[in-house]
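Participant: quick one: sequence and predicted model below, then my questions.
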Amino acid sequence: MNITKLVLGACNTNVYIVSSNKKNAILIDPADNAAEIIKTIEENGLCLKYIFITHGHTDHILALKEVKEYFNVPVIISKIDAGRLEDEELINERPYVKIPYKAVKADILICEDDIINLDELSFSFLGMPGHTDGSMAIIVNDNIFSLPGGNEKLLISSIEKMMNTLIGDYKIYPGHRQETSLDYERKCRLSTVITGY
């Protein structure tokens, strides 16, 4: 498995391209700059099979329509957030939108514990409400693609669920900022509880 990270758009959103040993790939959160995403996929000799959306916020989907149409691949998002992809008014209300977003209808609606297989890779999904109601963490091998921020109470509950559900260490690829690990976050959480910081 190979993971390529791009940081795109006004919000410095992380875009991930995850590819199998056979060079088939999935794209996670086409934030912006479709040309850069397309170029990266093609320069690496990858065959895009799916687009996964962790949640339906503007800064994670601005390049969605163009990338979907270029590669003609299915878009996958949680059932709860699917409507956001079709709501042009909601997406375009953000001040940083320069080229108006055009609605996209999701092809595959997922729920927690659904699995999408791609060659040797098996992608599972964990509901992580708190950023949006339908936010999902995407899990493959010992890697988690997720996001920070949102409704604090719900998000803390989602993080605790992740820490209690998943055994062992996982590398975490957030929607913004740098990567971390589940073990590190467990230690930080314990440290916060002990020290009160």
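Facilitator: Good, I have the coordinates. Numbering: from 1, shown residues only.

Participant: and the strands in the chain?
Facilitator: 2-8, 13-19, 24-28, 47-52, 75-78, 108-110, 115-118, 121-127, 136-140, 143-145, 171-173, 180-181 (DSSP state E).

Participant: show me what contacts I115?
Facilitator: S122, F123, S124, F125 (Cβ atoms under 8 Å, 6 or more residues apart in numbering). Any C-beta I mention is one placed from the backbone N, CA and C, and that applies to glycine too.

Participant: got it, and I51?
Facilitator: I26, L27, I28, P30, L64, V67, K68, V73, P74, V75, I76.

Participant: residues near the third one, how many?
Facilitator: So the one you mean is I28. Under the neighbour criterion other Cβ atoms under 10 Å, I28 is assigned a count of 24.

Participant: could you save the contacts of I115 as JSON lines and add columns showing pLDDT and neighbour count?
Facilitator: Converted to JSON lines, these look like this (pLDDT from 0 to 100; neighbours: other Cβ atoms under 10 Å):
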{"residue": "S122", "pLDDT": "97", "neighbour count": "12"}
{"residue": "F123", "pLDDT": "97", "neighbour count": "22"}
{"residue": "S124", "pLDDT": "95", "neighbour count": "15"}
{"residue": "F125", "pLDDT": "93", "neighbour count": "20"}
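
Participant: would you list the residues you listed in CSV and tack on distance to K5?
Facilitator: Converted to CSV, those look like this (distance: Cβ to Cβ, whole Å):
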residue, distance to K5
S122, 21
F123, 17
S124, 21
F125, 20
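
Participant: related to what we said a few turns ago, A34 is nearest to which of the strands of the chain?
Facilitator: strand 2-8 (9.4 Å; Cβ to Cβ).

Participant: what comes up buried for the closest one?
Facilitator: T4, L6, L8 (16 or more other Cβ atoms under 10 Å).

Participant: direction included, what does that strand pair up with?
Facilitator: strand 13-19 (antiparallel) (DSSP bridges).

Participant: can you give me the angle the partner strand makes with strand 47-52?
Facilitator: Strand 13-19 runs at 140 degrees relative to strand 47-52, counting by axes from the mean of the first three to the mean of the last three Cα atoms, to 10 degrees.
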